[in-house]
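> Any chance you can model this:
(chains A and B)
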Amino acid sequence: MLMRRNPQLNKNGELIHLLSIEGLPKAVLTQILDTAGTFLSVNDREVKKVPLLRGKSVFNLFFENSTRTRTTFEIAAKRLSADVINLDIARSSTAKGESLLDTIANLSAMHADMFVVRHAESGAPYLIAQHVAPHVHVVNAGDGRHAHPTQGLLDMYTIRHFKQDFTQLTVAIVGDIVHSRVARSDIHALTTLGVPEIRAVGPKTLVPGDLAAMGVRVCHDMAEGIHGADVIIMLRLQNERMSGAMLPSAGEFFKSYGLTPEKLALAKPDCIVMHPGPINRGVEIDSSVADGNHSVILPQVTFGIAVRMAVMSTIAGNQA
Amino acid sequence: MLQLDAESLYAELREGVRPLLKAETALVGIWSGGAWLAERLQQDLGLPGGLQGFGVISSTLHRDDFSERGLASGTDATRLPFAIDGRHIVLVDDVLYTGRTIRAVVNELYDFGRPASVTLAVLVDRGGRQLPIAATFAAAKIVLPATQKLSLERADDGRFSFQTKEAR
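Below is the predicted model:
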């Protein structure tokens, strides 16, 4: 059988686009995490800027709204000295009927060097990566239900920061997994980095059965799911993606799967609680947990900038 | 074959750095060979701030060949355990060649503040400069063909030696 090359890697195995964590070797993930560590310290300098992307133009293409992710990509690109152009696509050409590839062709004619893409359709960043010039790089900032690789990487950075070693950990991912590209990216990354026990916790309607095939333990009971966990990743209940009767009510969900201090007590005493944000207090997480001393939700945001700097500078330095 | 005795050159470097020291001086070694030298100088010269009182600086974030070579591995982070503003900085490196690394680390240094002065002390100046940069002190001056790569090695017992390789 013919092996197709991973479209994110060049012939030397170096990362040229970041589209998905799936299929990336451990060495590539580890290098990004190590590089992010270097960039984290840039935030402590008097000059919070390094010139690696000086003269490069980064286009933030958000076909789907996201203030936080767009902002952290913008900050990351600016700290690398890139020029950043934010396009609110939902309100521009696409609304006038322009196709995705026509939009990309036009922006390429404006000498874009990198596209950061969020799209409601799974695979849109792949499509773009296949059609850009060799010197242009693409970062997936979330596509449909498929992947959110920079969130996955920043979650891995956070876990490594607090737990050092991946190979002894029990990680519970709790909530709306079926709609979550974050969960998918986390599962691929955790598996690649050698986490022995990954649990997907939630009601049958929100935890797909095919997860067991990915080596994940599916738990429909919250107590069983977080018992003895080192890391709990809470997911946001995605109201805007919810259609049909997948849940009786948000209140019902909180009763069964919301993370409260009582449930958290079942996890390891030094357990960390993560959340990709934005959090719904009282829906998937109790305020006292979100603000409590197990919570690392705000460090995740800080690490997210360093990780995105690492991703952008890594791919920008590699040739197609 | 060129023979360089790194240990005796180190002794010369130590004596060459001594007169450069002022009250507000701090040593900053350039990753990685220069960092080893700064570590040993810090101890041998009994500089203030204790054994870890020296700085380490990396050229990674200011290199001018980023677009051709990409990002080097992320292990060589800059670590400056003192305020840069108003300090006399003595940069230490193993080999001075094109001067591009020095240009990059001086830019890196200025991201942390405004030093009172910056001087450079090296084990070996091998010529071949591509920028108007000079060392205040060099323990040896040699000429090497451009195809040769010269770098410092540190053994497990801390002793220094030089390695020459054919550059790629």
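
> Backbone dihedrals for the residue nearest to A:Pro276 when sequence neighbours are not counted, please?
Closest residue in space to A:Pro276, ignoring its immediate chain neighbours: A:Val182 at 4.8 Å, by Cβ to Cβ, 6 or more residues apart in numbering or on different chains. From N, CA and C alone the C-beta is placed, and that goes for glycine too. Note on A:Val182: backbone dihedrals following degrees, to the nearest 10 are phi -60, psi -50.

> burial count for A:Val182?
Per other Cβ atoms under 10 Å in any protein chain shown, the neighbour tally for A:Val182 reads 24.

> what's the least confident helix or strand in chain B, going by average pLDDT?
The helix or strand of chain B with the lowest confidence, counting by mean pLDDT, DSSP states H and E, is helix B:66-69 at a mean of 78.

> just the strands in the chain please.
Since no chain was named, I'll use chain A. With DSSP state E as the definition, chain A shows strands at residue ranges A:57-62, A:83-87, A:114-119, A:137-143, A:170-174, A:197-201, A:217-219, A:231-234, A:272-274.

> wait, chain B
The residue ranges that make up the strands of chain B, judged by DSSP E, are B:25-30, B:55-57, B:88-96, B:117-125, B:137-141, B:148-154, B:160-166.

> Quick check: the spatially closest residue to A:Leu153 that is not a sequence neighbour vs A:Gly37, distance?
Once its chain neighbours are removed from consideration, A:Leu153 has its nearest residue in A:Val307; the separation is 5.0 Å (Cβ to Cβ, 6+ apart). A:Val307 sits at a distance of 10 Å from A:Gly37 (criterion: Cβ to Cβ, to the nearest Å).

> Can you name the residue of chain B nearest to chain A?
Per Cβ to the nearest Cβ, the residue of chain B with the smallest distance to chain A is B:Gly70, at 2.8 Å.

> these two touch, right, that residue and B:Arg63?
No. Applying Cβ atoms under 8 Å, one finds B:Gly70 not in contact with B:Arg63, separated by 9.7 Å.

> Which one of these two is surrounded by more residues?
When B:Gly70 is set against B:Arg63 and neighbours are counted by other Cβ under 10 Å, the residue ahead is B:Arg63, at 24 against 18.

> so who does the residue nearest to the more buried one when sequence neighbours are not counted touch?
Setting aside the residues directly before and after it, B:Arg63 is nearest to B:Ala104 in space (Cβ to Cβ, 6+ apart), at 5.3 Å. Contacts of B:Ala104 were listed using Cβ atoms under 8 Å, 6 or more residues apart in numbering or on different chains, and they are B:Ser59, B:His62, B:Arg63, B:Asp64.

> out of the residues you listed, who has the most neighbours?
Ranked by neighbour count (other Cβ under 10 Å), these have B:Arg63 at the top, with 24 neighbours.

> Next up, the contacts around it.
With contact taken as Cβ under 8 Å, 6+ apart, B:Arg63 is in contact with B:Arg69, B:Ala72, B:Arg100, B:Ala104.

> What's the separation between it and A:Val28?
According to Cβ to Cβ, B:Arg63 and A:Val28 sit 21 Å apart.

> Reformat the contacts of B:Ala104 as JSON lines; add pLDDT.
Putting the contacts of B:Ala104 into JSON lines (pLDDT from 0 to 100) gives the following:
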{"residue": "B:Ser59", "pLDDT": "92"}
{"residue": "B:His62", "pLDDT": "92"}
{"residue": "B:Arg63", "pLDDT": "88"}
{"residue": "B:Asp64", "pLDDT": "86"}
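
> Identify the residue spatially nearest to the most centrally placed residue in chain B, adjacent ones excluded.
The C-alpha lying nearest the average C-alpha coordinate of chain B belongs to B:Asp93 (Cα atoms, centre = their mean; 1.8 Å). Leaving aside its sequence neighbours, B:Asp93 sits nearest to B:Gly34 (Cβ to Cβ, 6+ apart; 3.8 Å).

> If I look at that neighbour, what pLDDT would I see?
pLDDT recorded at B:Gly34 is 96.

> From what I see, it and B:Leu96 are in contact.
No. B:Gly34 sits out of contact with B:Leu96 when judged by Cβ under 8 Å, with a separation of 10.0 Å.

> Go ahead and flag the most central residue of chain A.
Residue closest to the average C-alpha location in chain A (Cα atoms, centre = their mean): A:Gln151, at 1.9 Å.

> Just to check, that residue is in contact with A:His275?
No. In this structure, A:Gln151 sits apart from A:His275 without contact. The criterion is Cβ under 8 Å, and the distance is 10.9 Å.

> Excluding chain neighbours, what is closest to the residue of the stretch 201-320 of chain A found nearest chain B?
Here the residue of the stretch 201-320 of chain A nearest chain B is A:Gly317; by Cβ to the nearest Cβ that distance is 2.8 Å. By the measure of Cβ to Cβ, 6+ apart, the closest residue to A:Gly317 outside its immediate chain neighbours is B:Gly70, 2.8 Å from it.

> where does the one you found fall, phi/psi-wise?
When quoted as degrees, to the nearest 10, the phi and psi of B:Gly70 stand at phi 70, psi -170.

> which residues does it contact?
By Cβ under 8 Å, 6+ apart, the contact list for B:Gly70 reads A:Glu14, A:Thr314, A:Ala316, A:Gly317, A:Asn318.

> Could you tell me what pLDDT the model assigned to the third one?
Confidence per residue is given as pLDDT, and for A:Ala316 that number is 95.

> same question, the first one
At A:Glu14 the predicted local distance difference test score is 93.

> A:Asn318 is in contact with that one, correct?
Yes. With contact defined as Cβ under 8 Å, A:Glu14 reaches A:Asn318; the gap is 4.1 Å.

> closest to B:Thr147 out of the strands of chain A?
Smallest distance to B:Thr147 across the strands of chain A (Cβ to Cβ): 33.4 Å, for strand A:137-143.

> mean confidence score for that closest one?
The average pLDDT for strand A:137-143 rounds to 97.

> helices or strands up against that strand?
helix A:67-79, strand A:114-119, helix A:124-131, helix A:149-163, helix A:297-316 (3 or more Cβ pairs under 8 Å, 6 or more residues apart in numbering or on different chains; DSSP states H and E).

> Go again with 10 Å.
Counting contacts by 3 or more Cβ pairs under 10 Å, 6 or more residues apart in numbering or on different chains; DSSP states H and E, the secondary-structure elements packed against strand A:137-143 are strand A:57-62, helix A:67-79, strand A:114-119, helix A:124-131, helix A:149-163, helix A:181-192, helix A:297-316.

> and the third one, C-alpha only, in CSV?
Just to be clear, that refers to strand A:114-119. The C-alpha atoms that make up strand A:114-119 are tabulated as CSV, following Å, rounded to 0.1, in the frame of the first residue of the first chain:
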residue,chain,number,x,y,z
MET,A,114,0.1,32.7,6.9
PHE,A,115,-3.5,32.0,7.3
VAL,A,116,-5.1,31.3,10.7
VAL,A,117,-8.4,29.7,9.8
ARG,A,118,-11.5,28.9,11.8
HIS,A,119,-14.4,27.4,9.9
